[in-house]
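1. After the sequence you'll find the predicted model.
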Amino acid sequence: MVYFGPRKYRPSNRGLNRREKIRVIAPILLLVVLSLIVFSSQFGDEEKPVQIAPDVIPSQQSDEISGATGGERFPTSGVDVPEPVAITPIDTALPDPAPFVENASVLAMVRDSEAVNPGVPERAGLFYLLHRWRSGVEVPDIEEAPRVSEIATQSKSLRGKRCRMVLTLIENPIPRTIEENRSGLKRIWEVFGTDSDGSLHRVDFIRKPKNLPIRSDVVMEGDFLRLYRYQRANGQGAMVPQWVANTLEPYQSPFVGKGDQYFLLWIVGILAIVTLLLLLMIQNRGPRQSLRRRRKS
């Protein structure tokens, strides 16, 4: 039976033709591709590597620090650090500490740049903060650690305050023997690390994680003790902030491990675009082939 009606006539028993299917599928694929691109752009910002600042302090900060610390300089990672003490074995079992009693006068007696060698007040402040950590006394208002230039001008008001920062270790932690005190500790760990500005910090802490090698990033939550002063190999004096902490936690960047996820998203997006191009090519070839068949007939 030959049909002489309109060309666009489609019997009721047939579904969508090829061109109509493409018109429906193409916008859906475009929407999927755009959503993947938007999703990857929101979470695809990689963390910039920390650049270690050179051993130079800006002139404005240098004047402030020199006035606050008697001309001492704050070193960065490119300078000498104090020589480590001899390594001795560490006892894993810690004795119970004595009852802790708040005494703000202990920290008030701690000195900064005027203490060339740590004396009785400095050791008493160290033991006091270690004792507070071991006793589990809660310290409110934990904040991000200020910059070294701010610590230099506010060392007295910051003494004993608990702060948090991310440090990059420039050496392996070393044990240090301490005298008998109310915290019950005989040995602690000591390490130097740099912050995001490249400034050095010293951390004395109680418990060392198993895997804490050099150049690893750690989260330090510690109590500020004082500005630690030491002498470099060239004879010049230097000072770094000294912190007292319970332990150092390995720092895991929130952007680490997401490369595989974004790689899969890009593959899905590319496949969607290729599929869309193939459908467009099929759509363009369809009418030409039908016209050729009609001409031959």
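-> That came through fine. Numbers count the residues shown, from 1 in each chain.

2. What about N117, how many residues nearby?
-> A count of neighbours around N117, defined by other CB atoms under 10 Å, yields 7. Yep, even glycine has a C-beta here, placed from its N, CA and C like the rest.

3. try the one 4 residues further on
-> Neighbours of P121 under the rule other CB under 10 Å: 16.

4. How about the contacts made by the residue lying closest to it once chain neighbours are set aside?
-> Computed as CB to CB, 6 or more residues apart in numbering, the closest residue to P121 that is not its neighbour in sequence is M109, at 4.1 Å. Remark: with contacts taken as CB atoms under 8 Å, 6 or more residues apart in numbering, M109 is in contact with 121, 124-125.

5. try 10 Å this time
-> Counting by CB atoms under 10 Å, 6 or more residues apart in numbering, M109 touches 119-122, 124-125.

6. Phi first, then psi, for the nearest residue to G184 once chain neighbours are set aside.
-> Leaving aside its chain neighbours, G184 sits nearest to P95 (4.1 Å; criterion: CB to CB, 6+ apart). Backbone geometry at P95, expressed as degrees, to the nearest 10, gives phi -70, psi 160.

7. Kindly report the same for G160.
-> phi 90, psi -10.

8. Confirm for me that it is in contact with D141.
-> No - applying CB atoms under 10 Å, one finds G160 not in contact with D141, separated by 11.7 Å.

9. and those two? which has more neighbours close in?
-> Higher neighbour count among G160 and D141: G160, with 19 against 7, using other CB under 10 Å.

10. how much space between the more buried one and V137?
-> 11 Å (CB to CB, to the nearest Å).

11. Repeat that for S149.
-> 30 Å.

12. the more surrounded of the two?
-> S149 (19 against 10).

13. Then the more buried one would be within a strand, right?
-> No - the assignment for S149, made by DSSP: H, G, I helix; E, B strand; the rest coil, is helix rather than a strand.

14. what's the distance between it and V244?
-> 21 Å.

15. Please tell me I have it right and the residue nearest to G184 contacts K186.
-> Yes - taking contacts as CB under 10 Å, P95 lies within contact range of K186: 8.5 Å.

16. The two: who's more crowded?
-> Higher neighbour count among P95 and K186: K186, with 14 against 11, using other CB under 10 Å.

17. Helix or strand next in line after the worst-scoring helix or strand of the chain on mean pLDDT, which one?
-> In the chain, the helix or strand scored least confidently by mean pLDDT, DSSP states H and E is helix 59-69, which has a mean of 44. With elements assigned by DSSP states H and E, the helix or strand that comes after helix 59-69 is helix 104-108.

18. which strands and helices sit next to that next one?
-> helix 120-135, strand 217-231 (3 or more CB pairs under 10 Å, 6 or more residues apart in numbering; DSSP states H and E).

19. Export the ones you listed as CSV, with columns for distance to A238 and mean pLDDT.
-> Converted to CSV, the helices and strands packed on helix 104-108 look like this (distance: least, CB to CB, whole Å; pLDDT from 0 to 100):
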stretch, distance to A238, mean pLDDT
helix 120-135, 17, 95
strand 217-231, 6, 91
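
20. now the ones you listed in TSV, with distance to A272?
-> Compiled in TSV, the helices and strands packed on helix 104-108 are given as follows (distance: least, CB to CB, whole Å):
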stretch	distance to A272
helix 120-135	55
strand 217-231	37
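
21. okay, those, which one's buried deepest?
-> strand 217-231 (a mean of 21; mean count of other CB atoms under 10 Å).

22. Strand partners (parallel or antiparallel) of that strand?
-> Here strand 217-231 is paired, per DSSP bridges, with strand 162-169 (antiparallel), strand 237-250 (antiparallel).

23. Render the CA-only coordinates of the longest one in CSV, please.
-> What follows is the C-alpha trace of strand 237-250 in CSV, where atoms were taken according to Å, rounded to 0.1, in the frame of the first residue of the first chain:
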residue,chain,number,x,y,z
GLY,A,237,72.5,34.9,68.8
ALA,A,238,69.1,33.7,67.6
MET,A,239,65.7,33.2,69.2
VAL,A,240,62.7,31.0,68.3
PRO,A,241,59.3,30.4,70.0
GLN,A,242,59.3,27.5,72.3
TRP,A,243,56.2,25.4,72.8
VAL,A,244,55.2,22.6,75.1
ALA,A,245,52.8,19.9,73.7
ASN,A,246,51.5,16.5,74.5
THR,A,247,52.1,15.0,71.1
LEU,A,248,52.4,15.9,67.4
GLU,A,249,49.7,14.6,65.0
PRO,A,250,50.6,13.9,61.4
